[in-house]
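Peer 1: Just to be clear, the model below is a prediction. Sequence and coordinates:
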Amino acid sequence: MTRQHSIFVSAKSTLAFCTLSIVLNVCIVSIGHSQTEKEKLSVSEQLAIAAKKATVQKYLLRYKFKEGDVVYWQTEQVDNGEVSLQKKKELTRSRTLSTKKWRITGIDKNGNISAVQSLADVDMWQQIDQFPPTSYNSRTDSKPPIKFENIADTIGIELVNFKFEPNGNLLEKKANYSDVELGMGRIVVEFPTEAIAVGHKWYHNRVIKAALPTGQIKKIRIRRMFQLVDVKHQVAKIGVQTQILTPIHDPEIEVQIMDQLTQGFIRFDIQTGRILSREYHWNRTVQGFSTADSLKRYVGRFKQTPKSKDAVELAAKAAIPDTVNIRLINDSPILRQ
C-alpha cells in the first residue's frame, strides 16, 4: 500500500471509527479579592466578603436510579471529513442515529449502581465523494451492507456491563466490543465527590497513543476539563473541553489525535439525578501532515438526549416486520453468506 493510499484510508477510518463508537467556552465566577485589595477594604467590608463566601450556594451532583429502571437515549452523530493530498481531495460525510438502552440491574448497600448498556436500534448513512451513499436501518433492513455488518451484529445484545458510584466514579466495566472514548469521555460522566459552586472546575486525565514515522508509539497526556457554568431551575449546565498536556509540534501526530479533541456542554437535572443532554463538537484542521500542501479537516457533532419508552416501542412496532426474529444475548453469532 502506498503512503498516499494509506492517508486516504486513514481518512475513511476516522469517520468509521467515530461511527463504531456511538454504541466542551467556560464561565469563571469569582468572589475573591487579591491580598492588596483586601488591605484596602474596611473590616466590615472584609466581613461581608467572608460571609458571602460562606453562604455561596453549592450543589451536589448525584445520579439517582432504582433497580429495574430502564433508560433510553437518542443519540445523533454527524461527521464531515476532508483530506487533500497531492492535488487530490476526498470528502466523506456520515450520519448515525441510534437508541441506547441502560438497564439498572442493582443498587448495593453503598448506593453503587450496576447497569447494562445495549443498542436498541441504529440508522446509518455514509457517502464518500460523489459515489452513491450507503445506508442501513436496523428496524427496516434485514441485511446490512458489508461496512455496517459489525454494528448490525451488536443490535439487541449486552455491550457493556458497568458499576459506578452515585457521583459517576466508575468502579467496574466490562465491554463486549472494541471500547474507544473518541473524545466523548467515559460511559458515565463523573462529578466531584463534594458539593460545588458555580464556577468550580474538575478534571479527568488520560493517556492516548500516536504512531511515529519510526514505528515507535508516543504517549500523549490529555485531560477533559469540566466546569459548572450555571444552575437554573435545578438544571446544571456543565462545560466540557479537552486539553492537550503533552506539547505536540508534529502534524503527523496531530492528525492522529484530532478526533479526540472535543468541546461542548452537559445538562444535568439535579433533582431527578439524570443527564438531560450531552452535546460535543469536533472542528480541527491539520496541514502539512504528509507533504507541504497536505490537509486534513474533521468537523463533527454528537448529541445525546433521553428517549421515552413509548417512543422506542412505537418506532419498533411501526418499523419491524413480523418475520424478523429478535436476537437474545445467548444466541449464536450470525453466519453471513
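Peer 2: Sure thing, it's come through.

Peer 1: okay, and for the stretch 151-300 of the chain, where does confidence drop off?
Peer 2: 178-184 (pLDDT under 70).

Peer 1: What segments of it are helices?
Peer 2: 251-257 (DSSP state H, counting those that start in this stretch).

Peer 1: how about the strands of it, start to end?
Peer 2: Along the stretch 151-300 of the chain, the segments classed as strands by DSSP state E, counting those that start in this stretch run 158-164, 170-175, 201-211, 217-232, 235-244, 263-269, 274-287, 295-307.

Peer 1: Can I get those in TSV including distance to A152 and mean neighbour count?
Peer 2: Just so you know, the C-beta spots here come from the backbone N, C-alpha and C atoms, and that holds for glycine as well. Below are the strands of the stretch 151-300 of the chain laid out as TSV (distance: least, Cβ to Cβ, whole Å; neighbours: other Cβ atoms under 10 Å):
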stretch	distance to A152	mean neighbour count
strand 158-164	13	18
strand 170-175	18	13
strand 201-211	28	13
strand 217-232	31	16
strand 235-244	30	19
strand 263-269	28	19
strand 274-287	25	18
strand 295-307	20	19
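
Peer 1: of those strands, which approaches I253 most closely?
Peer 2: For the strands of the stretch 151-300 of the chain, the distance to I253 is smallest for strand 201-211, at 4.6 Å, taking Cβ to Cβ.

Peer 1: for the closest one, packing partners?
Peer 2: Here strand 201-211 touches strand 217-232, helix 251-257, going by 3 or more Cβ pairs under 8 Å, 6 or more residues apart in numbering; DSSP states H and E.

Peer 1: Looking at these, which is nearest to K88?
Peer 2: Proximity to K88 (Cβ to Cβ) singles out helix 251-257 among the helices and strands packed on strand 201-211, at 16.4 Å.

Peer 1: who touches the closest one?
Peer 2: Applying Cβ atoms under 8 Å, 6 or more residues apart in numbering, the contact partners of helix 251-257 are 10, 208, 210-213, 218, 220, 222, 244, 248, 286-290, 296.

Peer 1: can we see that at 6 Å?
Peer 2: Residues from elsewhere that reach helix 251-257 (Cβ atoms under 6 Å, 6 or more residues apart in numbering): 208, 210, 248, 286, 288-289, 296.

Peer 1: farthest pair in those residues?
Peer 2: Using Cβ to Cβ, the two most remote members of the contacts of helix 251-257 are I208 and G288, lying 21.1 Å apart.

Peer 1: just so I have it, where are all the strands in the stretch 1-150 of the chain?
Peer 2: Taking DSSP E, counting those that start in this stretch, the strands of the stretch 1-150 of the chain run over residues 70-85, 88-107, 113-128, 134-137.

Peer 1: I'd like the average pLDDT over the third one.
Peer 2: In this case it means strand 113-128. Mean per-residue pLDDT for strand 113-128: 95.

Peer 1: for it, packing partners?
Peer 2: strand 88-107, strand 134-137, strand 158-164 (3 or more Cβ pairs under 6 Å, 6 or more residues apart in numbering; DSSP states H and E).

Peer 1: Quick one: those strands as JSON lines, columns for distance to W282 too.
Peer 2: Below are these laid out as JSON lines (distance: least, Cβ to Cβ, whole Å):
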{"stretch": "strand 88-107", "distance to W282": "13"}
{"stretch": "strand 134-137", "distance to W282": "22"}
{"stretch": "strand 158-164", "distance to W282": "23"}
